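have a look at this prediction, sequence included:
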Amino acid sequence: MRSQTAQYRFFWRPEAPTDPSEIRRIERWLATARLFLAFSALVAIRMDPTELGYSLAAYGLLGFYMGNAFLIVMLLRRRRESTASFRLLVHVADIIWPAFISVFGEGPRSPFFLFFVFVLAAAAYRWGLWETLSTAAAEVALLWSESFLLLHVWAKPNGALPWRMFTGLRVNLQEFEPKRLFMLSIYLLVMGLLLGYLAEQQKHLRAEKAAVARLLAKARVEAGLTGTLQQILGEVRAMYGAAKLLIASQETRSRRIFLGELGGSKSPPSEFVWLDSKPRDAKNYLDDFPGDVCYATYQKGRWSAVALDSEGNQVAATNMEPLERLKQLQPFQSLVTVSFLLGGEWRGRVFLFDPTWRGEKQEELRFLLDLIHQVGPAVHNVYLLHRLRRRAGAAERARFARELHDGAVQSLIAVEMQVDVLRRQVASGPEMVGGELGRIQGLLREEVLKLRELMQQMKSMDVDATRFLNVLNDTVERFERETGIAARLVSDLDGLDMPQRVCRELVRIVQEGLVNVRKHSRARHALVRVGSSPTQWNLTLEDDGKGFSFSGRLSQEQLDQIGKGPMIIKERVRLIAGELTIESNPGLGTRLEVTVPRGGELPHEL
């Protein structure tokens with residue numbers, strides 16, 4: 001099944017725009033230009049009435065055209081869509097009117113010649129080359145028909161017409177003589193060819209940009225590297241109508257080779273699969289191919305190839321040995337191959353087997369080269385982000401493993417040993433069992449709290465301004481319920497407009513601060529206060545515990561200088577461009593303050 005991109009690229013000519021909003025916009029522009037031309041013609045005739053003669057029919061025809069132009073503008077403003085039949089009717093009227101009005105003026109080469117140019121521009125803007133040439137041919141045919149009728153049927157030798165309604169009109173018969181019309185016809189046909197060609201090229205450029213944008217939109221981190229390659233390469237394969245697509249890549253450091261296939265016999269046509277690869281595949285798929293992009297065909301035992309370098313310049317394609325090796329591995333009659341380089345870490349080639357080739361070879365090869373150069377970095381970014389996520393996940397798993405090993409696992413081993421000792425002491429001293437069991441129970445309770453805190457840290461945090469206070473309140477209540485330390489939340493926030501990232505980090509700061517209160521402070525009370533001012537948001541966490549080892553009020557910079565303060569909280573404060581201040585009174589408690597400026601530029605998380 002061909003995609004929309006294939007329709008734009010590989011039919012001999014691009015299709016006319018099909019988006020209703022774009023069609024309506026084009027028709028509005030043309031209607032405005034038509035009305036402007038009609039008004040300009042009226043001004044010109046006002047300045048020089050001889051341009052239109054003195055016939056009432058001539059002025060009536062000009063008035064009819066102006067009314068028609070105004071009516072089209074009003075219809076396009078009221079109607080949501082412009083139908084194909086409506087556009088064709090308007091275009092036919094635009095073709096006929098200049099030919100008629102030229103009879104009443106000084107001939108086809110009068111100022112009304114601009115209307116001939118307008119109808120050619122309208123055809124080019126609406127459709128393309130062939131429609132514009134057809135319009136030019138229709139105008140020429142009408143002018144020659146008028147010439148025959150005026151010179152041989154209707155007009156008298158002095159240029160007068162036989163009808164009473166045209167009394168006072170003198171047709172300039174010299175302008176309708178064949179020798180004059182011949183040059184005018186050439187002008188119209190050449191102008192139609194030029195405007196049509198320019199319109200065709202403009203549509204080609206728009207189609208190419210649309211294709212690149214569509215492929216870039218398919219580079220999504222959530223789809224993963226394989227999913228992204230399947231989407232992008234599937235679009236490229238459909239774009240070129242290839243029977244099969246293969247991608248070969250090599251990591252420059254490890255020299256590992258990766259082969260992926262789309263549309264081969266080993267997989268469904270639309271599914272991208274990774275193939276088994278061997279070290280010698282680097283020679284078969286990556287080395288010595290002609291140019292950076294190449295189109296090759298094999299017919300009657302002979303190779304024919306067109307190759308371009310990275311700048312799009314043609315290079316000689318003399319070495320056909322790589323193509324022979326590839327043909328033995330992947331039978332084909334024609335082939336398009338293009339190389340890519342991603343960040344200095346990967347090199348590779350994309351192969352399109354037996355493509356449907358309709359355009360000019362070098363132009364299509366340049367487009368494919370440009371397409372790979374633009375899409376390649378997006379795919380590389382997906383790969384880097386995917387690799388970063390894996391490394392971050394591995395680091396996080398390693399941290400939790402250390403936490404479990406150094407905390408819960410060690411404590412449970414100690415409990416197991418104490419239980420074993422207690423089992424041996426039961427027979428000799430039953431009176432000691434109660435105290436030991438109480439101590440073991442307390443140790444187990446402590447480890448349960450640690451595991452719950454660890455699980456809470458592992459949960460993904462999805463909190464925004466609407467849920468911020470509710471999440472904070474739940475956190476404080478859970479802390480009080482599980483630890484027995486009296487805690488409460490105080491807030492004066494109303495109509496919160498805090499960014500989601502700030503909400504998430506402030507909740508994490510409160511969670512980490514309460515964990516520190518339970519572990520280290522020996523406090524009996526804790527207070528969390530959230531407030532705001534016109535310039536910043538404020539978060540305060542207080543307790544009545546033993547405090548830090550220092551005394552006084554220190555900023556984050558001072559804490560870094562003396563190597564004090566909670567490291568995790570300091571890092572989270574930096575992530576939201578905030579300021580941390582800690583006030584410690586040993587034996588009396590601690591006050592932790594975080595301020596975050598409103599509208600500040602947040603640093604990137606990664």
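In hand now; what should we look at?

residue closest to the middle of this protein?
Computing the C-alpha centroid of the chain and ranking residues by C-alpha atoms, centre = their mean puts Ala217 first, at 3.9 Å.

ranges for the helices of the stretch 201-350 of the chain?
Along the stretch 201-350 of the chain, counting by DSSP state H, counting those that start in this stretch, helices occupy 224-240, 281-285, 321-329.

in CSV, list these along with mean neighbour count and mean pLDDT.
(C-beta placed from N, C-alpha, C; glycine too.) Formatted as CSV, the helices of the stretch 201-350 of the chain follow (neighbours: other C-beta atoms under 10 Å; pLDDT from 0 to 100):
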stretch, mean neighbour count, mean pLDDT
helix 224-240, 20, 87
helix 281-285, 18, 87
helix 321-329, 15, 90
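
can you tell which of those is closest to Gly60?
The closest of these to Gly60 is helix 224-240. By C-beta to C-beta, the value is 54.0 Å.

which helices and strands does the closest one pack with?
In terms of contacts (3 or more C-beta pairs under 8 Å, 6 or more residues apart in numbering; DSSP states H and E), helix 224-240 is packed against helix 4-10, helix 178-217, strand 244-251, strand 257-262, strand 272-275, strand 346-353, helix 361-403.

partner strands of the shortest one, parallel or antiparallel?
Sheet neighbours of strand 272-275, with direction, are listed as strand 257-262 (antiparallel) (DSSP bridges).

can you give me the mean pLDDT across the strand it pairs with?
Mean per-residue pLDDT for strand 257-262: 90.

for stretch 195-202, same thing?
On average, stretch 195-202 scores 88.

make TSV from the helices of the stretch 201-350 of the chain and add distance to Thr483 to it.
Converted to TSV, the helices of the stretch 201-350 of the chain look like this (distance: least, C-beta to C-beta, whole Å):
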stretch	distance to Thr483
helix 224-240	41
helix 281-285	61
helix 321-329	67
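
right, and the ones you listed - which one's nearest Asp292?
helix 321-329 (13.6 Å).

quick one, strands of the stretch 401-550 of the chain?
486-491, 525-532, 536-543 (DSSP state E, counting those that start in this stretch).

list the buried residues in the first one.
Going by neighbour count (16 or more other C-beta atoms under 10 Å), the buried part of strand 486-491 is Ala487, Leu489, Ser491.

again with the second one
With burial defined by 16+ other C-beta under 10 Å, the residues of strand 525-532 counted as buried are Ala526, Leu527, Val528, Arg529, Val530, Ser532.

show me what contacts the fifth one?
The one in question is Val530. Leu469, Leu472, Leu489, Val490, Ser491, Asp492, Leu493, Leu506, Trp537, Asn538, Leu539, Thr540 (C-beta atoms under 8 Å, 6 or more residues apart in numbering).

same thing with the first one?
If you count contacts by C-beta under 8 Å, 6+ apart, Ala526 has them with Val476, Phe479, Ile485, Ala486, Ala487, Arg488, Leu514, Val517, Leu541, Glu542, Asp543.

okay, and the helix or strand of the chain with the least pLDDT?
helix 4-10 (a mean of 42; mean pLDDT, DSSP states H and E).

what residues of the next helix or strand after that one count as buried?
Note on helix 4-10: by DSSP states H and E, the next helix or strand toward the C-terminus is helix 20-47. Buried residues in helix 20-47, counted by 16+ other C-beta under 10 Å: 23-24, 26-27, 30-31, 34-35, 37-38, 41-42, 44-45.

please convert the residues you listed to TSV, extending it with distance to Ala317 and pLDDT.
Output for those, formatted as TSV (distance: C-beta to C-beta, whole Å; pLDDT from 0 to 100):
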residue	distance to Ala317	pLDDT
Ile23	44	83
Arg24	48	83
Ile26	43	86
Glu27	48	87
Leu30	47	89
Ala31	52	89
Arg34	52	87
Leu35	56	87
Leu37	53	85
Ala38	58	82
Ala41	58	77
Leu42	63	77
Ala44	60	73
Ile45	64	72
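
of all those, which two lie farthest apart?
Farthest-apart pair in the buried residues of helix 20-47 is Ile23 and Ile45; separation 33.1 Å (C-beta to C-beta).

mean pLDDT for the helices and strands packed on helix 224-240: which is lowest?
The lowest average pLDDT among the helices and strands packed on helix 224-240, as it happens, falls on helix 4-10, at a mean of 42.

so who does the closest residue to Glu480 other than its chain neighbours touch?
Among residues not flanking Glu480 along the chain, Ala487 sits closest, at 4.4 Å (C-beta to C-beta, 6 or more residues apart in numbering). For Ala487, the contacting residues are Val476, Glu477, Phe479, Glu480, Leu514, His525, Ala526, Leu527, Val528, by C-beta under 8 Å, 6+ apart.

my guess is the first one contacts Ser491. True?
No. Between Val476 and Ser491 no contact is recorded; they are 10.7 Å apart, counting by C-beta atoms under 8 Å.

shared neighbours of these two, anything?
Joint contacts of Val476 and Ser491 (C-beta under 8 Å, 6+ apart) do not exist.

coming back round to it: and which of the contacts of Val530 is nearest Lys327?
Leu506 (63.2 Å).

tally of neighbours for that closest one?
Under the neighbour criterion other C-beta atoms under 10 Å, Leu506 is assigned a count of 24.

pLDDT score assigned to it?
Leu506 carries a pLDDT value of 91.

can you tell me the closest non-neighbouring residue to it?
Leu539 (5.5 Å).

same check on Phe468?
In space, Phe468 is closest to Cys503, 4.5 Å off (C-beta to C-beta, 6+ apart).

check contacts around the one you found.
By C-beta under 8 Å, 6+ apart, the contact list for Cys503 reads Val463, Asp464, Ala465, Arg467, Phe468.

from Gly578, how far off is it?
13 Å (C-beta to C-beta, to the nearest Å).

and what of Ser254?
As for Ser254, its distance to Gly578 is 42 Å (criterion: C-beta to C-beta).

shouldn't Gln174 be in contact with Leu150?
No. Gln174 is beyond contact range of Leu150, at 11.0 Å (criterion: C-beta under 8 Å).

between those two, who's got more neighbours?
Each of Gln174 and Leu150 has its neighbours counted (other C-beta under 10 Å); Leu150 has more, 19 against 11.

the inter-axis angle of whichever strand or helix holds Glu131 versus helix 178-217?
Following DSSP H and E, one finds Glu131 within helix 129-149. Interaxial angle, helix 129-149 versus helix 178-217 (axes from the mean of the first three to the mean of the last three C-alpha atoms, to 10 degrees): 160 degrees.

phi, psi of Pro290?
Phi and psi for Pro290, reported as degrees, to the nearest 10, are phi -70, psi 130.

residues in contact with it?
Ala296, Ala305, Ala307, Val315, Ala316, Ala317, Thr318, Asn319, Pro322.

beta partners for Trp537?
Here Trp537, judged by DSSP bridges, has bridge partners Ser532, Val596.

quick check: pLDDT value at it.
pLDDT, read off for Trp537, is 90.

repeat for Ala155
64.

just Gln456 next, same as before
Model confidence at Gln456 (pLDDT) stands at 57.

can you check Met320 too?
So Met320 comes in at 89 (pLDDT).

wait, doesn't it sit right on Trp303?
Yes. The pair Met320 and Trp303 passes the contact test of C-beta under 8 Å, sitting 4.5 Å apart.

shared neighbours, those two?
Ala296.

save the contacts of Ala526 as a markdown table, and put in pLDDT too.
Formatted as a markdown table, the contacts of Ala526 follow (pLDDT from 0 to 100):
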| residue | pLDDT |
| --- | --- |
| Val476 | 91 |
| Phe479 | 87 |
| Ile485 | 90 |
| Ala486 | 92 |
| Ala487 | 92 |
| Arg488 | 92 |
| Leu514 | 90 |
| Val517 | 89 |
| Leu541 | 94 |
| Glu542 | 93 |
| Asp543 | 93 |
